[in-house]
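Peer 1: Everything below, folded, please.
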Amino acid sequence: LSLATFVLETFCVIMNVSYNYVQGLPFSTWGESFFILLQLIIMLSQYFHYTSSKVLLLITPVLVPSLTYVLTTLPHQYLALGLTASIPLMALSKILQIKSKLYERTHRSTLVHNESDELPGCLARLFTVIQEVDDSLILFNIATVFILNAVIVLQFVLYWNAQPPKEKSS
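Peer 2: Prediction:
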């Protein structure tokens, strides 16, 4: 996975958590996003650790929660705008993963557990939001993520035993 994918997804999850918190929605409808955010902080920290970006490694666990907190102080209309903007950004993040897998024709470059675990959680969140929240913005956000995660999981199934394409020698 690329840094761009991690950063895009982290921003989108920050917007989701902040929006839901400020709206006062039940934790059952956005709690998974909170834990995904914690997971992304750890993954970003690991990324920076293994790419020798020690400064970013040190500030990520502070910066991400701080940004989330600051966003919760914004008025609803700004958070709604941010969440709306995060939908195409999250889609772009997932599309980058889909494109990468389509090009490589293998599942090796991604975290199989991450995506396959996210899909049922996303489906559960979709049903929970339908039952407990009357907010089409949140519903559209979750539905978009669910559909794109389903495509990624389908690619895992399709490319499970596939070998990456051989590099052409000059």
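
Peer 1: ok, then the element right after the host helix or strand of Gln77?
Peer 2: Using DSSP states H and E, Gln77 maps to helix 76-104. Where DSSP H and E defines the elements, the next helix or strand beyond helix 76-104 is helix 112-132.

Peer 1: For Ser28, list the residues it contacts.
Peer 2: By C-beta atoms under 8 Å, 6 or more residues apart in numbering, the contact list for Ser28 reads Thr128, Glu132. C-beta coordinates here come from the backbone N, C-alpha and C atoms, glycine included.

Peer 1: Show me what the helix or strand of the chain with the lowest mean pLDDT is packed up against.
Peer 2: Lowest by mean pLDDT, DSSP states H and E among the helices and strands of the chain is helix 112-132, with a mean of 78. Packing partners of helix 112-132 (3 or more C-beta pairs under 8 Å, 6 or more residues apart in numbering; DSSP states H and E): helix 27-50, helix 136-158.

Peer 1: if we can go back for a sec, give the buried residues for the helix holding Gln77.
Peer 2: Residues of helix 76-104 classed as buried: 79-80, 82-83, 86-87, 89-98, 100-101, 104 (neighbour count, 16 or more other C-beta atoms under 10 Å).

Peer 1: Let me know the angle separating it from helix 136-158.
Peer 2: Relative orientation of helix 76-104 versus helix 136-158 (axes from the mean of the first three to the mean of the last three C-alpha atoms, to 10 degrees): 10 degrees.
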